[in-house]
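In: have a look at this prediction, sequence included:
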Amino acid sequence: MKTSMNRRHLAAMAVGLALAGSVASAATSDEVQVLKNTQAHRDALFAGDAKALDKLCAPQLSYSHSDAHVEDKATFIANATKPTTKWLSLTYDDITVRVVGSAAIVRFHFVGENQTGDKKSQANLAILMIWQKQGTQWKLLARASTKL
(Lines give C-alpha, C1' and ligand atoms only; values in the text may rest on other atoms or scores of the structure.)
Protein backbone atom coordinates (compact mmCIF):
# COMPACT_ATOMS: atom_id res chain seq x y z
CA MET A 1 0.00 0.00 0.00
CA LYS A 2 1.36 3.42 -0.95
CA THR A 3 0.73 6.28 1.45
CA SER A 4 2.04 9.77 1.97
CA MET A 5 3.23 10.62 5.45
CA ASN A 6 1.34 13.53 6.89
CA ARG A 7 -0.01 14.45 10.31
CA ARG A 8 -3.01 12.15 9.89
CA HIS A 9 -0.68 9.32 8.95
CA LEU A 10 1.42 9.97 12.07
CA ALA A 11 -1.69 10.03 14.26
CA ALA A 12 -2.93 6.77 12.75
CA MET A 13 0.49 5.17 13.28
CA ALA A 14 0.52 6.33 16.90
CA VAL A 15 -2.95 4.90 17.51
CA GLY A 16 -1.98 1.65 15.78
CA LEU A 17 1.17 1.35 17.86
CA ALA A 18 -0.74 2.12 21.05
CA LEU A 19 -3.30 -0.57 20.20
CA ALA A 20 -0.59 -3.12 19.50
CA GLY A 21 -0.76 -4.01 23.19
CA SER A 22 2.29 -5.93 24.24
CA VAL A 23 4.81 -3.61 22.57
CA ALA A 24 7.01 -1.96 25.17
CA SER A 25 5.91 1.62 25.76
CA ALA A 26 9.48 2.97 25.32
CA ALA A 27 9.80 1.34 21.88
CA THR A 28 6.36 2.60 20.89
CA SER A 29 7.22 6.11 22.04
CA ASP A 30 10.54 5.96 20.20
CA GLU A 31 8.95 4.77 16.96
CA VAL A 32 6.40 7.57 17.12
CA GLN A 33 9.12 10.15 17.82
CA VAL A 34 11.26 8.90 14.92
CA LEU A 35 8.21 9.12 12.63
CA LYS A 36 7.59 12.68 13.82
CA ASN A 37 11.23 13.60 13.24
CA THR A 38 11.11 12.08 9.76
CA GLN A 39 8.05 14.23 8.97
CA ALA A 40 9.80 17.26 10.47
CA HIS A 41 12.78 16.53 8.20
CA ARG A 42 10.49 16.52 5.15
CA ASP A 43 8.83 19.74 6.27
CA ALA A 44 12.17 21.48 6.93
CA LEU A 45 13.63 20.30 3.62
CA PHE A 46 10.53 21.48 1.74
CA ALA A 47 10.61 24.87 3.49
CA GLY A 48 14.39 25.29 3.27
CA ASP A 49 14.45 25.79 7.05
CA ALA A 50 18.10 25.70 8.17
CA LYS A 51 17.28 26.05 11.89
CA ALA A 52 14.89 23.09 11.84
CA LEU A 53 17.36 20.92 9.90
CA ASP A 54 20.13 21.87 12.33
CA LYS A 55 17.97 20.81 15.27
CA LEU A 56 17.14 17.43 13.66
CA CYS A 57 20.65 16.46 12.53
CA ALA A 58 23.48 15.03 14.60
CA PRO A 59 26.80 16.90 14.52
CA GLN A 60 28.31 13.71 13.02
CA LEU A 61 25.83 13.59 10.12
CA SER A 62 26.85 11.72 6.96
CA TYR A 63 24.39 12.65 4.19
CA SER A 64 24.85 10.61 1.02
CA HIS A 65 23.17 11.51 -2.27
CA SER A 66 22.17 9.21 -5.13
CA ASP A 67 25.08 10.50 -7.25
CA ALA A 68 27.43 9.20 -4.50
CA HIS A 69 28.58 12.57 -3.12
CA VAL A 70 28.58 12.79 0.66
CA GLU A 71 28.01 15.88 2.77
CA ASP A 72 28.65 16.65 6.41
CA LYS A 73 26.03 18.47 8.47
CA ALA A 74 27.10 22.02 7.60
CA THR A 75 27.37 21.31 3.87
CA PHE A 76 24.05 19.45 3.77
CA ILE A 77 22.20 22.30 5.50
CA ALA A 78 23.84 24.97 3.35
CA ASN A 79 22.99 23.13 0.13
CA ALA A 80 19.47 22.14 1.23
CA THR A 81 18.54 25.71 2.09
CA LYS A 82 19.94 27.60 -0.89
CA PRO A 83 17.45 30.32 -1.81
CA THR A 84 17.96 29.54 -5.51
CA THR A 85 16.35 26.09 -5.20
CA LYS A 86 12.73 25.50 -4.20
CA TRP A 87 10.80 22.26 -3.72
CA LEU A 88 7.54 22.33 -5.67
CA SER A 89 6.38 18.98 -4.25
CA LEU A 90 7.88 16.46 -1.84
CA THR A 91 6.43 13.29 -0.34
CA TYR A 92 7.86 10.51 1.80
CA ASP A 93 5.84 7.37 0.94
CA ASP A 94 5.80 3.79 2.26
CA ILE A 95 7.67 4.61 5.47
CA THR A 96 8.96 1.86 7.71
CA VAL A 97 10.62 2.39 11.09
CA ARG A 98 12.54 -0.16 13.12
CA VAL A 99 14.02 0.87 16.46
CA VAL A 100 17.02 -1.20 17.57
CA GLY A 101 18.36 0.00 20.90
CA SER A 102 19.52 3.60 20.49
CA ALA A 103 19.30 3.46 16.68
CA ALA A 104 16.35 3.62 14.33
CA ILE A 105 16.30 2.42 10.73
CA VAL A 106 13.90 4.37 8.52
CA ARG A 107 13.20 3.52 4.88
CA PHE A 108 10.86 5.30 2.48
CA HIS A 109 10.18 6.33 -1.09
CA PHE A 110 11.16 9.97 -1.70
CA VAL A 111 9.25 11.61 -4.56
CA GLY A 112 9.54 15.27 -5.41
CA GLU A 113 10.02 18.03 -7.90
CA ASN A 114 12.27 21.02 -7.36
CA GLN A 115 13.21 24.09 -9.32
CA THR A 116 16.53 25.90 -9.62
CA GLY A 117 16.13 29.02 -11.74
CA ASP A 118 14.19 27.93 -14.84
CA LYS A 119 15.21 24.27 -14.52
CA LYS A 120 12.86 21.72 -12.93
CA SER A 121 14.14 18.37 -11.67
CA GLN A 122 12.33 15.22 -10.62
CA ALA A 123 13.45 13.07 -7.68
CA ASN A 124 12.41 9.43 -7.35
CA LEU A 125 14.56 7.81 -4.68
CA ALA A 126 14.74 4.98 -2.16
CA ILE A 127 15.95 6.47 1.12
CA LEU A 128 17.63 4.91 4.13
CA MET A 129 17.92 7.07 7.24
CA ILE A 130 19.65 6.13 10.46
CA TRP A 131 18.49 8.04 13.51
CA GLN A 132 20.38 7.83 16.80
CA LYS A 133 19.05 8.61 20.25
CA GLN A 134 21.45 11.18 21.69
CA GLY A 135 20.40 11.90 25.25
CA THR A 136 16.62 12.17 25.02
CA GLN A 137 16.51 13.36 21.39
CA TRP A 138 16.48 11.38 18.15
CA LYS A 139 19.01 12.88 15.72
CA LEU A 140 19.58 12.07 12.05
CA LEU A 141 22.99 10.40 11.95
CA ALA A 142 23.13 9.09 8.39
CA ARG A 143 21.16 9.16 5.16
CA ALA A 144 21.69 7.32 1.88
CA SER A 145 19.67 7.40 -1.32
CA THR A 146 19.36 5.30 -4.45
CA LYS A 147 17.75 6.42 -7.72
CA LEU A 148 14.69 4.45 -8.72
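Out: Ah, there it is.
In: show me the contacts for Ser121.
Out: By C-beta atoms under 8 Å, 6 or more residues apart in numbering, the contact set of Ser121 is Glu113, Asn114, Gln115. All C-beta atoms are positioned from the backbone trio N, CA, C, and that covers glycine.
In: give me the buried subset of these.
Out: Among the contacts of Ser121, the ones that count as buried by 16 or more other C-beta atoms under 10 Å are Asn114.
In: quick one: the residue most central in space within the chain and Lys73, what's the gap?
Out: Closest to where the C-alpha atoms of the chain average out (C-alpha atoms, centre = their mean) is Thr38, at 3.6 Å. From Thr38 over to Lys73 the distance is 17 Å, taken as C-beta to C-beta, to the nearest Å.
In: which single one of the contacts of Ser121 is nearest to Phe46?
Out: Ranked by distance to Phe46 (C-beta to C-beta), those are led by Asn114 at 9.5 Å.
In: which residues does the residue nearest to the centre of the chain contact?
Out: Neighbours of Thr38 in contact, by C-beta under 8 Å, 6+ apart: Met5, Tyr92, Ile95, Val97, Val106, Phe108, Met129, Trp131.
In: mind checking which of the contacts of Ser121 are in strands?
Out: Filtering the contacts of Ser121 for membership in strands, criterion DSSP state E, returns Glu113, Asn114, Gln115.
In: tell me where this structure has strands.
Out: Along the chain, counting by DSSP E, strands occupy 57-64, 70-71, 85-100, 103-116, 119-134, 137-147.
In: give me the pLDDT value at Lys133.
Out: Per-residue pLDDT puts Lys133 at 98.
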